[in-house]
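K.L.:
can you look at this prediction? I've put the sequence above it.
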Amino acid sequence: MGKQRNSNLCNTFPPCFTFTPLYLPFFLHHLSNTLAIDFPSPYKPVDNILLNCGSSGNSTTLDGRTWIGDVNSKCFPQELSQNQDSLVPNSVKQSSFASQVPYTAARLSFSAFTYIFPATTGQKFVRLYFYLASYVNFHCFKVDVAKRAGQVIRVESENSDPFYHVYSKAFFSVKAGTFTLLRVFSASLTADADGDPDDTIFREFCVNMEEDERLNLTFTPSDSNSFAFVNGIEILSMTSYLYYSTPDDSGRFPLIGEQYTYSIGNRTALEMVYRINVGGSYISSTEDTGMFRRWEPDVEYLIPRKSALPVNMTIGLIFAKIPPYTAPQTVYRTARTMGMDKAFNKNHNLTWEFPVDSEFNYAVRLHFCEFQPELVDWHDRVFLIFIANQTAEKAADVMVWSGRRKGVPVYKDYAVSMVGKEGDREKKTNLSIILQANPDDWKTTFNDAILNGIEIFKISNPSGNLAGPNPGPLPLTPPTAVPPKNLVEAKNY
C-alpha cells in the first residue's frame, strides 16, 4: 500500500523528533488555544458554584470566572453551632507559584465545620482547593520523618547540628453526604509528594444528588491537636452519565480479569486521579468542553519517554459515536503511536504507569481517534491492550470502533481491581496501561498501536469510602547551610 505524507500531519519516530522538545509543547498549546476560541464549549453547566473560602465579596479571576466569598454566604450557615468556631485568616506567606484566587484566604478551624450547597438533581463535580501556607494561630510541627508526622523530637546531623522537616498540623477528614472523600488527610505530606513546588493541592470528586437532596461538605479535624482548612470549593454539574453508567445494560463495561461486567451506579462516588492528554500538552480548565477539567501531559508516566507523536490539528472531527463534550478536540488531534518500523514495534510496547492507592477498584477510560493518512480501513492497525498486566483487548481496532471512518473520536471503558493479596498490600501500587503491536502480519497492515487520552477514577468502596493513606514522608536530608546553634530542639512555632 502506498503512503502519501500529509503536510498537516507530523509523525515522529524514536529516537528522532521532528519538533524539538521545547517547541512541540508550545506549538500544541498555541493551537489548542486557537481551537478553544474557534469552537465554543459544547456544554453549559446548570450548577456552577465557585466558593472562595475565608473571603467576603466576589472575586473575578483571569479566566473570567467569579468566585463568591463564604462569609455570610448561604452556603456557610452561621446558625450551625459548629460553624461559629471557624476562623477566616488570610494566608501569611503567599507562594509566587500560587494563583491569587482561591488561595489568598482560607476557612480554618480546630473543630468541624459544614458547607451546605443547594443544587439541582444529578451528577456533580466536587473540586477542593488547598494551599499549604503559614496561617496565623495555626502552627506547624518540626518533626523527625522517621516518626509519625505530628511528633516533636530532636534530630542530630553528622556534625551534631539538628535538622528537621516541617509539617503542618492540618490532619482532617472531608465528607460529602455519606461519602468519605478524605480521611486523616495531611496537606504537608501530600504537598511534599506531588512534586509541585507551589504547595497548592487540588482534588476532584464525582457525586450524585437525588431529588430534594442538599450537598453537605463537612471538614473535621482528626484529633484535638489538628485543624481542618479549605481555600476553595467548586460545585459543577456534569452531563448525565458522562462517567456514571446508564441504567440499562448498555452502560456496563468489562471488569478486567473477570467474566462479568461492571457498572458505576448513582450510589457510588468517584475520585479523579489522572486525566491525561496523551502525546499532547497541558489543557487548562478553560480549554475544556465547558466542565473546566484539566488535562495533564503524559510524559511523566510514559516508560520509556519516547515514541512517535502524530499530530493532525486540521482534520475535521466527527462526533458520531460519543458526545462532543466528552473531551476537548485537542485530545483527539494528538496521540502517541509506535511508528512505522514493524521490526522495532514487534519487540517493544507503549507503556504508562500510574501510582494509585491499593485496595480500591478503578475505572479506566481510554480515548482514541484515527487521523493518520496511512490508515484507510479496518484491520490497518490492530493491537493489544493490557491494563494492570491483564488483557483488556486482544484485537483493538479503532477504525472498527469508529464505523470505519477517520476523525471519529471513540472511547473504551474498563474497570480493574487493585486490591492486593493478604500480606501484600502497600500504600501505592502501579496501575499500568500497555499497548502492544500485533505480532502477526496477516492480522494487521501496520504493526502499531495508538492512544489519545487516559482518564482514571478511583471508585468508592461499599462503605462509601474514597480516602486512601497519606504519602510517606520524604527522606530526611541535611541542610545545605549549617543551622543556628540555638536550634537545639524542635519547638512549635
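P.N.:
Great, that's in hand.
K.L.:
the helices in the stretch 51-200 of the chain, which residues?
P.N.:
187-193 (DSSP state H, counting those that start in this stretch).
K.L.:
any stretches of it with poor pLDDT?
P.N.:
Under the criterion pLDDT under 70, the flagged ranges of the stretch 51-200 of the chain are 90-99, 139-167, 195-197.
K.L.:
show me where it has its strands.
P.N.:
Using DSSP state E, counting those that start in this stretch, the strands of the stretch 51-200 of the chain run over 58-60, 66-69, 107-109, 113-118, 122-131, 140-143, 165-168, 171-176, 179-186, 200-209.
K.L.:
adding distance to Asn48, write those strands out as TSV.
P.N.:
Heads up, the C-betas are built off the backbone N, CA and C, glycines and all. Formatted as TSV, the strands of the stretch 51-200 of the chain follow (distance: least, CB to CB, whole Å):
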stretch	distance to Asn48
strand 58-60	14
strand 66-69	10
strand 107-109	20
strand 113-118	12
strand 122-131	10
strand 140-143	35
strand 165-168	31
strand 171-176	18
strand 179-186	20
strand 200-209	15
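K.L.:
which among these is found nearest to Val419?
P.N.:
strand 179-186 (17.9 Å; CB to CB).
K.L.:
which other helices and strands does the closest one contact?
P.N.:
Judged by 3 or more CB pairs under 8 Å, 6 or more residues apart in numbering; DSSP states H and E, the packing partners of strand 179-186 are strand 171-176, strand 200-209.
K.L.:
domains for the protein, by residue range?
P.N.:
9-43+247-459, 48-237 (automatic domain parsing).
K.L.:
in CSV, list these along with mean neighbour count.
P.N.:
Formatted as CSV, these follow (neighbours: other CB atoms under 10 Å):
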stretch, mean neighbour count
domain 9-43+247-459, 18
domain 48-237, 18
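K.L.:
can I get the helices and strands packed on strand 179-186 in CSV including distance to Thr220?
P.N.:
Below are the helices and strands packed on strand 179-186 laid out as CSV (distance: least, CB to CB, whole Å):
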stretch, distance to Thr220
strand 171-176, 5
strand 200-209, 16
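K.L.:
picking that back up, reformat the domains of the chain as TSV; add distance to Pro469.
P.N.:
Below are these laid out as TSV (distance: least, CB to CB, whole Å):
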stretch	distance to Pro469
domain 9-43+247-459	5
domain 48-237	8
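K.L.:
of those, which approaches Ala467 most closely?
P.N.:
When the domains of the chain are ranked by proximity to Ala467 (CB to CB), domain 48-237 comes first, at 3.6 Å.
K.L.:
now do the closest one: distance from first to last residue.
P.N.:
End-to-end distance for domain 48-237: 7 Å, by CA to CA, to the nearest Å.
K.L.:
isn't Ser307 right up against Leu350?
P.N.:
Yes: if you go by CB atoms under 8 Å, Ser307 and Leu350 touch, sitting 6.0 Å apart.
K.L.:
circling back to that earlier point, between the domains of the chain, which one is nearest to Asn465?
P.N.:
Here domain 48-237 is closest among these (CB to CB), at 4.7 Å.
K.L.:
and Glu455, which helix or strand is it part of?
P.N.:
strand 453-459 (DSSP states H and E).
K.L.:
so for that strand, mean pLDDT?
P.N.:
For strand 453-459, the mean per-residue pLDDT is 98.
K.L.:
counting contacts, what elements does that strand pack onto?
P.N.:
strand 270-277, strand 349-357, strand 361-368.
K.L.:
turn those strands into CSV, columns for mean pLDDT and distance to Lys428.
P.N.:
Putting the helices and strands packed on strand 453-459 into CSV (pLDDT from 0 to 100; distance: least, CB to CB, whole Å) gives the following:
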stretch, mean pLDDT, distance to Lys428
strand 270-277, 98, 11
strand 349-357, 96, 5
strand 361-368, 98, 13
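K.L.:
could you dump stretch 410-419 to CSV, C-alpha only?
P.N.:
The C-alpha coordinates for stretch 410-419 follow below in CSV (Å, rounded to 0.1, in the frame of the first residue of the first chain):
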residue,chain,number,x,y,z
VAL,A,410,-14.3,7.0,20.5
TYR,A,411,-13.5,5.8,24.0
LYS,A,412,-13.5,2.5,25.8
ASP,A,413,-14.2,2.0,29.5
TYR,A,414,-12.7,-0.7,31.7
ALA,A,415,-12.8,-1.5,35.4
VAL,A,416,-9.9,-3.0,37.3
SER,A,417,-9.4,-4.1,40.9
MET,A,418,-6.2,-3.1,42.5
VAL,A,419,-6.9,-5.0,45.7
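K.L.:
what are the boundaries of the helices in the stretch 201-350 of the chain?
P.N.:
Secondary structure of the stretch 201-350 of the chain (DSSP H, counting those that start in this stretch): helices at 329-333, 342-346.
K.L.:
between the ones you listed, which gets the lowest average pLDDT?
P.N.:
helix 342-346 (a mean of 91).
K.L.:
helices or strands up against that one?
P.N.:
Helix 342-346 packs on strand 428-437, going by 3+ CB pairs under 8 Å, 6+ apart.
K.L.:
got the contact list for the strand it packs on?
P.N.:
In this structure, residues lying in contact with strand 428-437 by CB atoms under 8 Å, 6 or more residues apart in numbering are 338, 342, 345-346, 348-358, 362, 364, 366, 383-389, 396, 416, 418, 420, 444, 447-451, 454, 456, 471.
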